[in-house]
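Enquirer: dropping the sequence and predicted coords here.
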Amino acid sequence: MAASDSALSPRKLRSDVYSYSYQSNSNTPLVISVLASLIERTMARNERIVKNCSWALTKDARTRVFDCHETPDMTIQSYLERIFRYTRAGPSVYVVAYVYIDRFCQGNPGFRINARNVHRLLITTIMVASKYVEDMNYRNSYFARVGGLTTDELNKLELEFLFLMGFKMHVNVSVFESYCCHLEREVSIGGGYHIEKTLRCAEEIKSRQSEDRRYNQIARIMF
């Protein structure tokens, strides 16, 4: 139990954000799991709102650019882990992406995060945040491949996002620190349960997908 508490602690999150090293740490930063948990709870809340109030559906045509034709078959946790694994964007990038998502939702009150738009919103905000935070970055075409989009699609999403944000991308130290504190509170005030649940669900889905692949391989050999 102590090990779990240590892994899901405000101190661990802050350590990741300010001193994470790819060379000395191969684990996924805690901020990714915290962000996944927050977004999943936001989506669940939005689903309840829409279910009770049909007028609460996203009506702004400009923000519908983030809607997918088909809902991706990947959890938020798995999607964020994939982005982290292939882009090597530091933990601070995810904090800034969280700032952008919050600003975007506040500036576009008709927009609600849901299963159809969350993946495109995440890859866009993380790419833009990476450009703001990191000294060196991959091309848009690479981020597009990681996110499961075409380069043209991601270019369009980035442009629309910047205009919808009014190009207000600056995040000063006090704002960054306030969002870090919010993420820390998410871990300390009962949020750890939701984060562990998010991690368990992601692992269960990965396990099922792995079993399905093994079954399909055996079936091909047999038939």
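Expert: Here it is on my side, so go on.

Enquirer: by mean pLDDT, flag the weakest helix or strand of this protein.
Expert: helix 2-7 (a mean of 44; mean pLDDT, DSSP states H and E).

Enquirer: quick check: next helix or strand after the strand or helix carrying Arg45?
Expert: Arg45 belongs to helix 30-52 when assigned by DSSP states H and E. Per DSSP H and E, the first helix or strand lying C-terminal to helix 30-52 is helix 76-87.

Enquirer: neighbouring contacts of the helix or strand following that following helix?
Expert: Where DSSP H and E defines the elements, the next helix or strand beyond helix 76-87 is helix 91-107. The list of residues contacting helix 91-107 from outside it, by Cβ atoms under 8 Å, 6 or more residues apart in numbering, reads 16-18, 20, 29, 31-32, 35, 38-39, 80, 84, 111-113, 121-122, 125-126, 128-130, 132-134, 161, 164-166, 168-169, 171, 175-176, 179-180, 183. Backbone N, C-alpha and C define where each C-beta goes, glycine included.

Enquirer: what's the helix or strand just after helix 91-107 packed up against?
Expert: Per DSSP H and E, the first helix or strand lying C-terminal to helix 91-107 is helix 118-133. In this structure, helix 118-133 packs against helix 30-52, helix 76-87, helix 91-107, helix 140-147, helix 151-164, with contacts taken as 3 or more Cβ pairs under 8 Å, 6 or more residues apart in numbering; DSSP states H and E.

Enquirer: can you redo those as TSV with mean neighbour count, distance to Thr63 and mean pLDDT?
Expert: Below are these laid out as TSV (neighbours: other Cβ atoms under 10 Å; distance: least, Cβ to Cβ, whole Å; pLDDT from 0 to 100):
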stretch	mean neighbour count	distance to Thr63	mean pLDDT
helix 30-52	18	13	88
helix 76-87	20	19	95
helix 91-107	21	8	96
helix 140-147	19	18	97
helix 151-164	16	7	97
